[in-house]
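>>> Sequence first, predicted model second:
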Amino acid sequence: LYQIGIILRKAGLPFYNDRVFIVLVYVGFFLPLSVWIAKGFFDTIPRDLEEAALIDGCTPLGALRRVIAPLAMPGMMSVFLLTFVNVWNEFIAGYLLIAKNDLKPAMFGLYEFIGQNIINLQVVAAACVLIALPMVILFLFTRRVFFRAMVEGAVKG
């Protein structure tokens, strides 16, 4: 990955320092794992429920929306939270592919902050709390669905 950053920087291609490109890099990193985890959750939903909805008169899209999606919501929330935490804490791609300070991720700001202010550990700890705050707030609002997904994934049957 670091060679891609060097090549883009030296070649002057428009991908370097581009938000869309960094989003595409994150999609390439985390989409395979997300699809694999989501497939595991969708495999636990019995096909009989979808077939029953189709027999009762639902369209395939209606069965997906009314039957499958509510059952898969805890799994999708788990995938969302896992991806959000990974992207929020990701450092390498942002470090290699972005040079503008206003485009850099939050973890890179903490890295520069620690490099400049290593003596004042109280300020560094406060910066760590501020960077972790969005994740904590997100987990507080989604904890019920997240723990339900963990419990459903733990029991086979």
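Cool, got the structure.
>>> Taking the centroid of this protein, which residue is nearest it?
residue 83 (1.7 Å; Cα atoms, centre = their mean).
>>> which SSE is it in?
Following DSSP states H and E, one finds residue 83 within helix 69-89.
>>> Against which helices or strands is that helix packed?
If contacts are counted by 3 or more Cβ pairs under 8 Å, 6 or more residues apart in numbering; DSSP states H and E, helix 69-89 sits against helix 19-43, helix 106-116, helix 121-154. The C-beta positions use only the backbone N, C-alpha and C, and glycine is treated the same way.
>>> Excluding its own residues, what touches that helix? List them.
The contact list for helix 69-89 (Cβ atoms under 8 Å, 6 or more residues apart in numbering) reads 26, 29-30, 33-34, 37-38, 40-42, 44-45, 49, 105-107, 134-135, 138-139, 142, 145-146, 148-150, 152-153.
>>> at 7 Å what do you get?
For helix 69-89, the external contacting residues (Cβ atoms under 7 Å, 6 or more residues apart in numbering) are 26, 30, 34, 37-38, 41-42, 45, 106-107, 135, 138, 142, 145-146, 148-149, 152.
>>> I'd like to know which of the residues you listed are buried.
Burial by neighbour count, judged by 16 or more other Cβ atoms under 10 Å, picks out 26, 30, 34, 37-38, 41, 106, 138, 142, 145-146, 149 from these.
>>> In a markdown table: the residues you listed, plus pLDDT.
Shown next, in a markdown table, are the buried ones among the contacts of helix 69-89 (pLDDT from 0 to 100):
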| residue | pLDDT |
| --- | --- |
| 26 | 87 |
| 30 | 91 |
| 34 | 93 |
| 37 | 90 |
| 38 | 90 |
| 41 | 85 |
| 106 | 79 |
| 138 | 88 |
| 142 | 83 |
| 145 | 73 |
| 146 | 70 |
| 149 | 62 |
